[in-house]
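S.K.: This is a predicted model, with the sequence first.
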Amino acid sequence: MAHERIEINPEVMGGKPVIRGTRVPVETVLRKLGAGMTPDAILADHPRLTREDVLAAQAFAADYLADEDLVYG
């Protein structure tokens with residue numbers, strides 16, 4: 001699935017998915033959301049991000065997990 005706001009480049013943050021045009025990893029956005037931060041608080045911490053970037057990080061993670069094979073042990 002194409003994600004226009006997400007970029008994966010081995011030259012940027014070791015190839016981790018980042019918000020396009022920034023060095024902000026998708027993981028950082030997701031961890032902040034998981035810790036209870038609001039999108040507005042994340043935007044205050046990262047002024048180059050937009051609300052659409054936060055939503056794109058969530059959509060990217062959901063699509064990534066949807067393609068994973070789950071193994072229950």
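M.R.: Looks like it arrived, so ask away.
S.K.: residue ranges of the strands in the chain, please?
M.R.: 6-7, 18-19 (DSSP state E).
S.K.: so which of the ones you listed is the most packed in?
M.R.: Among those, strand 18-19 has the highest mean neighbour count (mean count of other Cβ atoms under 10 Å), at a mean of 23. Yep, even glycine has a C-beta here, placed from its N, CA and C like the rest.
S.K.: pLDDT (mean, whole number) over it?
M.R.: In this model, strand 18-19 carries a mean pLDDT of 98.
S.K.: just checking, what packs against that strand?
M.R.: Other helices and strands packing on strand 18-19, by 3 or more Cβ pairs under 8 Å, 6 or more residues apart in numbering; DSSP states H and E, are strand 6-7, helix 26-34, helix 51-66.
S.K.: contact partners of the longest one?
M.R.: Meaning helix 51-66. 1, 3-6, 17, 19, 22, 24, 26, 29-30, 33, 39, 42-43 (Cβ atoms under 8 Å, 6 or more residues apart in numbering).
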